[in-house]
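>>> everything below, folded, please.
(chains A and B)
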2 protein chains.
Amino acid sequence: MKPLILITNDDGYLAKGIRTLTDIACEFGDVVVMAPERNASGTSHSITSARPLRVHTLVEKEGLAAHYCDGTPVDCVKLAVEYFCPRPPALVLSGINHGSNSSINVLYSGTMGAVIEATALGLHAIGFSLLNHNPEADFSGAAPSVRQIIATALERGLPADVSLNVNIPRLPADQIKGLRVCHEASAKWLDSFEKRFDPLGRPYWWLTGKFQCENPPDTSDEWALANGYVSIVPIHPDFTHYPSLETLTNTFSHA
Amino acid sequence: MKPLILITNDDGYLAKGIRTLTDIACEFGDVVVMAPERNASGTSHSITSARPLRVHTLVEKEGLAAHYCDGTPVDCVKLAVEYFCPRPPALVLSGINHGSNSSINVLYSGTMGAVIEATALGLHAIGFSLLNHNPEADFSGAAPSVRQIIATALERGLPADVSLNVNIPRLPADQIKGLRVCHEASAKWLDSFEKRFDPLGRPYWWLTGKFQCENPPDTSDEWALANGYVSIVPIHPDFTHYPSLETLTNTFSHA
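Down below sits the predicted model:
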């Protein structure tokens, strides 16, 4: 039996990135798509509990079923795994995101929220992002790397409880230097909000921000991307900082 | 100069938990509150970019300024640090949440999204949650532990880039056995969505779920809470799974 691949994203079911990813995934197995109805960028690991979800089916043919719903990317994964996948997916894919999810951006990303949810459910998952925000972004440079990573993950498997955050530079395929496994670069967003005044002189604040990542080491995703490599960061759904367990046990035993 | 303490939550500025936390924090320093206007439970690390935010000020007196805005908990932290804190906060507190944020629940939690955001901004932060969802929950049993943890964090500091996820059992203060530093228990939510039918016979799906955590080890937060301890989990904003970097470098070098 062909492997089953579940696909979602955070840019919504109409985005060019998810259509590219679906086309590629269909080369490898049977595909189920469950994507948000509308853009859900920046929704992170959000879930919808105050209202129910509705599902609409777009395509239902041999090898491909495509649906959308009015939930978040995390809702999409939960709902699809329970009700719309005829068997457990061998792989959950999210994206291809229009814009970077490298470094600290993984925290805000709905694309990566879906990947982390799939991992928490015991599945293997890969999030793909292209460093190009444009809704009309050209994904042809990214396609060979996406294909190569999916093939490798299906053939060789991934470590238990680990998924991948893949970011792809905005370059033609023949200028991409290769794949590079790395850790997240340490970075922060500065000057997050711009203060403005409405026509009546009352203030409002609009999210903006400058990405600051100084001298990322050559083991990090930011270095890889700046140097023409596809970055592959293994991620897991446990926020525990294990190295400080001992120090803090000491701190609080004296409390 | 007194330490500045910034407070937020995800239950909204009217919640009983944030009022309890504010009262306690005022014993330790000057306090700035910036909380969501409405309940933002389950919003994780969401940010608001499609529309601007408005801020309303409730209290502005010696030692306490309290505001609310129409953003997420993460928005609240970013906005308050940049525009509403007269100096960098010595500590960012979030909660006291009405309901558990132990184990995997940290991923979905807006309370903990705020804590992780503060950590990413280079600040020290603590999220507090009581194992009682009720809007009228009694926080008197939790108060002494909250007070003790804030005092310790201010006196002894926290490790760099590390914050705390504190969960408190639903017990009177004199039945709480003490503080316990632990790691997140491995767990998952099963049967996430319930399928129902509307009066016209059309399906809808509503989020629900059963929390499954089998035999948590005595080093984990679930064990601590089930045995009458306050759990303190050190967390950090880096999802990288460092132990698998080498394996995956090998996997993808053969791709």
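>>> residues touching A:Leu4, list them.
By Cβ atoms under 8 Å, 6 or more residues apart in numbering or on different chains, A:Leu4 lies in contact with A:Gly29, A:Asp30, A:Val31, A:Val32, A:Cys85, A:Pro86, A:Arg87, A:Pro88, A:Pro89, A:Ala90. (Glycine included, C-beta is placed from N, CA and C.)
>>> the second one: neighbouring residues, count only.
Which is A:Asp30. 21 (other Cβ atoms under 10 Å in any protein chain shown).
>>> what's the answer for the first one, then?
Using other Cβ under 10 Å, A:Gly29 has 17 other residues around it.
>>> do the same with the one 4 residues further on
Burial of A:Val33 is recorded as 27 neighbouring residues (other Cβ under 10 Å).
>>> my guess is it contacts A:Thr22, does it?
Yes. Shown here, A:Val33 and A:Thr22 form a contact pair, counting by Cβ atoms under 8 Å, at 5.8 Å.
>>> between the two, what contacts are shared?
A:Ile7, A:Leu64, A:Ala66.
>>> and which of those residues is nearest B:Leu53?
Of all these, A:Ile7 has the smallest distance to B:Leu53: 32.9 Å, by Cβ to Cβ.
>>> need the contact list for that closest one.
A:Ile18, A:Leu21, A:Thr22, A:Ala25, A:Val31, A:Val32, A:Val33, A:Met34, A:Ala35, A:Val92, A:Leu93, A:Ser94.
>>> ok, and the most crowded of those residues?
A:Ser94 (36 neighbours).
>>> helices or strands up against the helix or strand harbouring that one?
Following DSSP states H and E, one finds A:Ser94 within strand A:91-98. When contacts are defined as 3 or more Cβ pairs under 8 Å, 6 or more residues apart in numbering or on different chains; DSSP states H and E, strand A:91-98 packs onto strand A:4-8, helix A:16-25, helix A:110-120, strand A:125-130, helix A:143-156.
>>> hmm, the third one in reach of chain B?
By that I understand helix A:110-120. Yes. Using Cβ under 8 Å from any Cβ of the partner chain, helix A:110-120 reaches chain B at A:Gly113, A:Ile116, A:Glu117, A:Ala120.
>>> what does the second one give?
No. Where contact is defined by Cβ under 8 Å from any Cβ, no part of helix A:16-25 touches chain B; the two come within 15.2 Å at best.
>>> list of residues touching that helix?
A:5, A:7-9, A:11-12, A:31, A:33, A:35, A:64, A:66, A:93, A:95-98, A:128, A:130, A:135-137, A:139, A:142-143, A:146-147, A:150.
>>> OK, contacts around A:Leu91?
Per Cβ under 8 Å, 6+ apart, neighbours of A:Leu91: A:Pro3, A:Ile5, A:Leu6, A:Gly29, A:Leu123, A:His124, A:Ala125, A:Ile126, A:Ile150, A:Ala153, A:Leu154.
>>> what number of residues lie near the third one?
It stands for A:Leu6. By the criterion of other Cβ under 10 Å, A:Leu6 has 27 neighbours.
>>> list the contacts for the residue lying closest to it once chain neighbours are set aside?
Once flanking residues are discounted, A:Leu6 sits nearest to A:Pro89: 4.1 Å by Cβ to Cβ, 6 or more residues apart in numbering or on different chains. A:Pro89 makes contacts with A:Pro3, A:Leu4, A:Ile5, A:Leu6, A:Val32, A:Val81, A:Ala118, A:Leu123, as judged by Cβ under 8 Å, 6+ apart.
>>> cool, A:His45 as well?
Each residue near A:His45 by Cβ under 8 Å, 6+ apart is listed here: A:Val74, A:Gly113, A:Ile116, A:Glu117, B:Ser44, B:His45, B:Leu107, B:Tyr108.
>>> my guess is the third one contacts B:Val106. True?
No. Assessed by Cβ under 8 Å, A:Ile116 is found out of contact with B:Val106, at 11.2 Å.
>>> gap between the residue nearest to A:Gln175 when sequence neighbours are not counted and chain B?
Nearest residue to A:Gln175, sequence neighbours excluded (Cβ to Cβ, 6+ apart): A:Gly228, at 6.4 Å. Using Cβ to the nearest Cβ, to the nearest Å, A:Gly228 is found at 16 Å from chain B.
>>> which parts of the stretch 101-250 of chain A are strands?
A:125-130, A:163-168, A:178-181, A:188-190, A:193-197, A:203-207, A:210-212, A:229-235 (DSSP state E, counting those that start in this stretch).
>>> low pLDDT regions in chain A?
A:254-255 (pLDDT under 70).
>>> swap the cut-off to 50 and go again
Under the criterion pLDDT under 50, no range of chain A is flagged.
>>> any chance of the strands of the stretch 101-250 of chain A in CSV, plus mean neighbour count?
CSV is the format used below for those (neighbours: other Cβ atoms under 10 Å in any protein chain shown):
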stretch, mean neighbour count
strand A:125-130, 28
strand A:163-168, 29
strand A:178-181, 20
strand A:188-190, 16
strand A:193-197, 13
strand A:203-207, 18
strand A:210-212, 12
strand A:229-235, 26
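>>> looking at those, which is closest to B:Asn39?
Proximity to B:Asn39 (Cβ to Cβ) singles out strand A:203-207 among the strands of the stretch 101-250 of chain A, at 20.8 Å.
>>> list the contacts for the residue nearest to A:Gln175?
Shown in contact with A:Gly228 (Cβ under 8 Å, 6+ apart): A:Pro169, A:Leu171, A:Gln175, A:Ile176, A:Lys177.
>>> give me the three-state assignment for A:Arg51.
Following DSSP: H, G, I helix; E, B strand; the rest coil, we place A:Arg51 in the coil state.
>>> what's the local residue count around it?
11.
>>> still on that earlier bit, out of the contacts of A:Leu4, which two sit at the greatest distance?
Maximum pairwise distance among the contacts of A:Leu4 (Cβ to Cβ): 14.3 Å, between A:Val31 and A:Pro88.
>>> now A:Asn39: closest residue in space that isn't a chain neighbour?
Using Cβ to Cβ, 6+ apart and skipping the chain neighbours, the partner closest in space to A:Asn39 is A:Gly12 (4.9 Å).
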